[in-house]
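Asks: Have a look; sequence and predicted model below, questions after that.
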Amino acid sequence: MGHWEPIDTEIWDTVITPCDCCGQVVAKQLWVADVEGTELRFCSERCEELYRTHVVPQRREAAPA
Amino acid sequence: MTTTPAQGAGKIDPVQLAIINNSFVNICREMGITMTRTAFSPIFNEGLDFSCVLFDNRGNMIGQAEFCPAQLAASLFIVRWTVEELGIDSFEPGDVVLHNDPYRGGAHIPEHSVIRPVFYHDELWGFVANVGHLAEIGGKAVGSFAADATEVFQEGLRIPPIKIVSRDENNLDLWRLIMANHRTPRNTWGDINAQIGSLRVAERRLIELLDRYGSQFITNAADELMDYSERWMRAEIEAIPDGKYEFTDYMEDDGVVDQPVKFHVTVTIDGDRMIVDWTGSSPQVRGPINATYGVTSGAVYNAVFHVTDSRIPKNSGAYRPIYIIAPPGTVTNVVYPGPSVGGNTETHPKLVDMVTGALAPVMRDRVAAAEGASACNFLFGGVHPKTGDFYANYHLEGCGWGAKDYDDGNDATIVVNGNCRNTPVEIFETRYPLETVEYSLLTDSGGAGRHRGGLGTRRIMRIGKGAEVTASALFDRTKGEFRAWGLEGGMPGGYGAIRVKRRGDTEFRTFPEVFGTVSASKFTNIVLTEGDEVMLDAPGGGGFGDPRERDRDAVARDVTEGIVSPEAARELYGWSGE
Amino acid sequence: MGIRVGIDTGGTFTDLVAVDESSGEWYIAKVPSTPARPVEALAAILEQAQFDPADVSFIVLGTTIGINAVLTRTGARVLYLTTKGFEDVPHIQRINRKNHYDFVWRKPTPLVRRQDSLGVDERLDSEGQVLRPLQPDQVRELLPERGDEDVAVAICFLFSYLNPSSELAARDAIAALDSDLPVSLSHEIAPIWREYERGTAAILDAYLKPTLDRYVAGVGEAFREQGFESSWSLLKSNGGHAVSSEARERPAHVLLSGVAGGAIGGAYFARAHDAERGIVLDMGGTSCDVCLIVEGTPLFSSEFEIEFGLPVAVPTVSTNTIGAGGGSIGWIDPGGFLQVGPQSAGAEPGPACYGKGGSDPTLTDANLVLGRLNPDYFLGGALKLDPEASRAALGRLVEGLGGDEVAVASSMIRIANENMANAVRIVTVEEGVDPRDHALIAMGGAGPTHAAEIAEAIGMDRVIVPLHPGLTSAFGALAADVRVDEVKSIALKSTTVAPEALQDLFRDIEETAAANFRAQGSPDAEPALARTIAMRYEGQNYEQEIPVPGGEITGEVLAGILERYHELHNEFYGYRLDGLPVELVRLTVTATAAEGSEMPPLSLDVRGQTATSEPPGARTADVYFGDDFHSTPVVSRAESVGGGPRSGPLIVESMDTTVVVPPGWTVESDATGILELRREHAGDTSGTSAGAAVAGS
């Protein structure tokens, strides 16, 4: 089960942490979840779902047999 | 292809829902009227380069109207980021937040959003927002379109979400700081006040609506409307055959390096969801044609809304079944501090056309060939010789739109990411020391086809007596093989161009030839003086189908009207007339 | 003194309303319109009215001839002369899009062909200085050979609103060559900036010249043939009169002649009932026109559009028209939502209950099924309505929506009412006013049936139902005053303008306005002159009209006018910018008759009105309000004169309309029979009558 993790920023920072699935930058907290053994950081649970149901199968397809 | 969404288990009767949806749209339209009537810069009061939106208190968009698609989409990210970064508890009645940061959900730095929380009986019900393109915001280029910027600091003053108004009191220190960094601060003062005025109108109307029906009822109605839109959009996507659809296109250069820039998209239709993946696009480039995630997403939504049923109420629900993957550090998702000012007007329309182009094989009756896809951004400013006042203006042009299976494309129409108007010559010359010599449609610039692409335009302006004008430009589609492409045998649209004829010269030449700029379509701060002339050509749209199959009466009419020259008619359309 | 006649030629019917000024007696008449040969209906209606021509002193005619010619594209071939280099302005237009996610929409086709847009090498600058003078030879060379078709010339040179000399010289050059060729000059039609809008006004004017010319000649002949020698005029889009010569010379000014009558009629009744602020709602068979009344007169605007992107920059009654009328059809969209209109069943086949073969459910059908119409007394019994046909038509929607015919009917009414309420809201926000301070003037055959529920949706609590609401347009034509607007563009700033300069400028315009007023048939008149200055903050592009008090313009008066501008801007838009200079861009003088035309009061009882059936007596009917049928008294309008107040639910019926008084409203009648409906809980915007499930905040 994933959990939310706050992004540490200083007042002078421009946050540059992107979602590991869609790529958009996230403001304050990341959704951290384990996907097939790797800990990934997402903008939301919706992106975790996209990652599991689209990105992972796609990678599997593209990988050499 | 008509679709009917499954009837949902909605609790509110559909009549009421339709009425409330119309109310949301109308509030946004009323904001727009207020803004048009009171803004100071021609880009707002003539150009209409702003958009007005309604949100609930969870960052969901619940209403929009016929504004600029790019700004509308960006507002989704902008408002959500603002609420997350500042925290939902940080808002108080009477606050206005100002924000233009491209890395915080924005589209490009001139787009300034003002956001106001709407409280109802002491509870935060939602937000109203106005996103508008401020014509002059500092940075290296007069008119703040730094076409050769290599980092955001050169583009203009960047503003993270800050409260410009707290409890209906202006935070004057912030205003003063901002205006000290803009070249036309009086316009900033007038324009942002106009934006804030529109928010006050929206707040009044929203409260009236909540009074009339009850706040919980409207919240429930908004949720149902979003679900309704989502169901309908899913039904539209479901009707497209499953599969992967790819497209590749290019920008001719990035303003700093004279090399084409590649964009690649894979559109996956997977049941009732659409995933649009920009992997394979070039790494982000040095010049400012990078797109932010907000721009790229906006382009995808824009494309999808154009090819699906236009009656789907446009709220967050409609956006839900569409996913955008844009790898950070590529031209479709620029990373701080990469520049992006050109991404919103030059890159966005190409991305739109790429998505529709990818889907064209399975949606041929819904798509169009590529449009000119350039706003022909021309920025200029200086001291007015008659008044001694400094002025700066953001000037844009309409381009030709792509043809469709069933009709020609529109001539001279604003790029697909916007919904702006041109500035009348009479207003232009009253304000600025430039004389317009010509403003005309460009014969033969519409891509030939069974249905022809729309024509671009030509505008020639001459610098007036005693005037010194500092000019920048950001165009595309001026050279190479990257004109607006056609579909099913339709031919590409005509080139755009920006050329200069110095006083005493006899012909127009490119800016690299005359001033040594790196790019012919992207440059900043060229000083032009009395008698110099500038020619702006807007690109034409692509054609659809084989030109030899164009109805012969239509070809004859094109020739009589001068839309197509007799030579082109004979050569491309196989016309046998005189 | 004599009989003054007002005639309105609508799409379906031509109406006549006349008053004998000496006896105070009123006449009405109605004949079907004859769109193919418009003048025939005029002859027919005068015959029906049976006046002695010698008794008739004046005839005013409201007509749709102009707008119809534009909508059907049957006007003249226009030759458009403009500054060289700008021939394509009518084709390029303003480059924005009607819908923001739409590949299908095409820009409007201009009223001039591209090959007929011709450039002349002349040029003025932004201060009106001549950079290149007009060469008459050039103009002559541009005119092509003429055949048999209607041809007219429109001229629009850049900055002609500041300096008309080039346009005047061009006209002279054409007149020397071909004196019969009609010419329209943009600075005379619409002296405003924005070349596309001004040029389009000139093109529209030229486009209509031959059509109006023939029409005016035909009308004059028809009147003469019937023996009428009286003066007559056309109603202008801005509510004034155009004597025949003016209608021929400025056809653009009579484009919305047919709509202006309704607005003026509505304004008359607003004033008669002390409602200086009103909103006219004129709901007919196909469409509903909404118009704002400010200080007793209809609001005019110069931003009317024939369709998106095709503006008419001539002052017209500012009307928002939407497709909601008695014949509007209910249908289900692909998303499953119920929609009403804009498609209409018209008069043929008409609503299902007309029994003429219509099978689509319309608002009339909905109203009938909800018990709001009397099937035996519709149009005075001239048409018997068939409620079963209505049920069958509504039943076709029950399949897609669920519920029953009554639920569908109720939903249709609510949706249509909300569409009309939105039209009202848009009109008021554009002017920055609050509709809740206004009275709703319910006109047209269907207006009084819907008005109270529409008012409630907006939060208004006062509805006025004029006498003969179905004839208010013809009445308005009759009630229209002679009115002349003289406009002059200027370029002055609050920081530098001298009051004496304004005084002088106004004096010139006042003289012209008064002279033009007298030319309209009152050679000895001393008209009342109202002055306004259009202003905006320096840098804005849109102005507000600020009234100028009579008398001398001193420094103090000027300061007062400027302060009023700041106040109004703050009131409408929420802020004022005292430090900024204000640009004064336009002076307007409006000349009207010094004493209001005192017409004898209209009464319910008029000559020419014939009902086919006996008016039904007072009775009770089951009428649907909210979410159920209520036992509702039905009374006749004739018998309610001078009565009240009575509480709703109540129906007041008459030959030409049914007035619905919902629960929570009261109705009373003044001595002449004008009805006023008032909501009992003033200012409350909760839509209780609309049946909304209000969950509470």
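Replies: Perfect, I can see it now.
Asks: So residue C:630, which state does it fall into?
Replies: strand (DSSP: H, G, I helix; E, B strand; the rest coil).
Asks: right, and it touches residue C:649 too?
Replies: Yes - shown here, residue C:630 and residue C:649 form a contact pair, counting by CB atoms under 8 Å, at 5.2 Å. Bear in mind the C-beta positions are built from the backbone N, C-alpha and C, glycine included.
Asks: Between the two, point out the one with more neighbours.
Replies: residue C:649 (20 against 15; other CB atoms under 10 Å in any protein chain shown).
Asks: which stretch of helix or strand covers residue B:177?
Replies: Residue B:177 belongs to helix B:172-179 when elements are defined using DSSP states H and E.
Asks: Which strands or helices does that helix pack on?
Replies: Counting contacts by 3 or more CB pairs under 8 Å, 6 or more residues apart in numbering or on different chains; DSSP states H and E, helix B:172-179 is packed against strand B:162-166, helix B:185-213.
Asks: Between the ones you listed, which one is closest to residue C:235.
Replies: helix B:185-213 (34.9 Å; CB to CB).
Asks: Can you pull the residues that touch both of residue C:630 and residue C:649?
Replies: Both residue C:630 and residue C:649 are contacted by C:623, C:663, under the criterion CB atoms under 8 Å, 6 or more residues apart in numbering or on different chains.
Asks: How far off centre is the helix holding residue B:177?
Replies: 28 Å (CA atoms, centre = their mean, to the nearest Å).
Asks: what's the model's confidence in it, averaged?
Replies: Helix B:172-179 carries an average pLDDT of 97.
Asks: buried sites along it?
Replies: Residues of helix B:172-179 classed as buried: B:174, B:175, B:178, B:179 (neighbour count, 16 or more other CB atoms under 10 Å in any protein chain shown).
Asks: The third one touches residue B:159, doesn't it?
Replies: Meaning residue B:178. Yes - with contact defined as CB under 8 Å, residue B:178 and residue B:159 form a contacting pair (7.0 Å).
Asks: Mutual contacts of these two, please.
Replies: Shared contacts of residue B:178 and residue B:159 (CB under 8 Å, 6+ apart): residue B:98.
Asks: How far does the longest helix seen in chain C sit from its chain's centre?
Replies: Taking DSSP state H as the criterion, chain C has its longest helix at helix C:195-225. The gap between where helix C:195-225 is centred and where its chain is centred comes out at 18 Å by CA atoms, centre = their mean.
Asks: what ranges of the chain fall below the confidence cut-off?
Replies: Here I'm looking at chain A. For chain A, applying pLDDT under 70 flags the ranges A:65.
Asks: The chain in question should be chain C.
Replies: In the prediction, chain C carries residues with pLDDT under 70 at positions C:1, C:335, C:429-432, C:520-521, C:574, C:595-598, C:610-614, C:682-697.
Asks: For the residue of it most remote from its centre, which three-state class applies?
Replies: Within chain C, the residue lying farthest from the chain centre (CA atoms, centre = their mean) is residue C:137, at 42.6 Å. Following three-state DSSP, the label given to residue C:137 is helix.
Asks: for residue B:323, same thing?
Replies: strand.
Asks: Can you give me the neighbour number for it?
Replies: For residue B:323, using other CB under 10 Å, the count is 22.
Asks: check contacts around it.
Replies: A:22, A:50, A:54, B:273, B:274, B:275, B:276.
Asks: Same check on residue C:489?
Replies: Contacts of residue C:489 by CB under 8 Å, 6+ apart are C:161, C:162, C:191, C:192, C:193, C:585, C:586.
Asks: Swap in 6 Å and give it another go.
Replies: Residue C:489 makes contacts with C:161, C:191, C:586, as judged by CB atoms under 6 Å, 6 or more residues apart in numbering or on different chains.
Asks: I'd like these laid out as JSON lines, including distance to residue C:391.
Replies: Formatted as JSON lines, these follow (distance: CB to CB, whole Å):
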{"residue": "C:161", "distance to residue C:391": "59"}
{"residue": "C:191", "distance to residue C:391": "57"}
{"residue": "C:586", "distance to residue C:391": "57"}
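Asks: From those, which land in strands?
Replies: residue C:586 (DSSP state E).
Asks: Residue B:112 and residue B:149: what is the separation?
Replies: To residue B:149, residue B:112 is 18 Å away according to CB to CB, to the nearest Å.
Asks: Show me which of the two is the more surrounded one.
Replies: A count of neighbours by other CB under 10 Å puts residue B:149 above the other of residue B:112 and residue B:149, at 28 against 23.
Asks: Could you pull out the strands in chain A for me?
Replies: Under the criterion DSSP E, strands of chain A are mapped to A:3-6, A:29-35, A:38-42.
Asks: which intervals of chain B have sub-threshold pLDDT?
Replies: Within chain B, the stretches with pLDDT under 70 are B:1-10, B:14-15, B:578.
Asks: Contact residues of it facing chain A?
Replies: B:81, B:84-85, B:103, B:275, B:293, B:323, B:325-328, B:333, B:336 (CB under 6 Å from any CB of the partner chain).
Asks: domain ranges for chain C?
Replies: In terms of domains, chain C is parsed into C:3-70+C:214-254, C:77-181, C:483-592 (source: automatic domain parsing).
Asks: nearest to residue B:61, of those?
Replies: Counting by CB to CB, residue B:61 lies closest to domain C:77-181 out of the domains of chain C; the figure is 14.2 Å.
Asks: Compute the first-to-last residue distance for that closest one.
Replies: Criterion CA to CA, to the nearest Å; first-to-last residue distance in domain C:77-181 is 12 Å.
Asks: now do stretch C:360-379
Replies: Stretch C:360-379: ends 21 Å apart by CA to CA.
Asks: starting at the chain centroid, how far to it?
Replies: Stretch C:360-379 has its C-alpha centroid displaced from the chain centroid by 27 Å (CA atoms, centre = their mean).
Asks: Give the buried residues for it.
Replies: C:360-374, C:377-379.
Asks: right, is it up against chain B?
Replies: No - applying CB under 6 Å from any CB, one finds stretch C:360-379 separated from chain B by no less than 12.3 Å.
Asks: and the helix or strand that comes right after the longest helix of chain C, which strands flank it?
Replies: For helix C:195-225, the succeeding helix or strand toward the C-terminus, using DSSP H and E, is strand C:231-235. Strand pairing for strand C:231-235, determined by DSSP bridges: strand C:56-63 (parallel), strand C:241-243 (antiparallel).
Asks: And for the very next helix or strand once past the first one, what's in contact with it?
Replies: If I follow you right, that is strand C:56-63. Following strand C:56-63 in sequence order, the next helix or strand is helix C:65-71 (DSSP H and E). Contact with helix C:65-71 is made by C:38, C:75, C:208, C:211, C:215, C:254, C:255, C:306, as judged by CB under 6 Å, 6+ apart.
Asks: Mind giving me the PyMOL command for buried ones among those?
Replies: Buried subset of those, written as a PyMOL selection, criterion 16+ other CB under 10 Å:
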select buried, chain C and resi 38+75+208+211+215+254+255+306
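Asks: with the contacts of helix C:65-71 in mind, which one is nearest to chain B?
Replies: Proximity of those to chain B (CB to the nearest CB) peaks at residue C:306, which lies at 17.4 Å.
Asks: residues of the strand or helix carrying the closest one that come out buried?
Replies: Using DSSP H and E, residue C:306 sits in strand C:304-307. Under the neighbour-count criterion of 16+ other CB under 10 Å, strand C:304-307 has C:304, C:306 buried.
Asks: Give me the spatial nearest neighbour of residue C:544, chain neighbours excluded.
Replies: residue C:568 (5.8 Å; CB to CB, 6 or more residues apart in numbering or on different chains).
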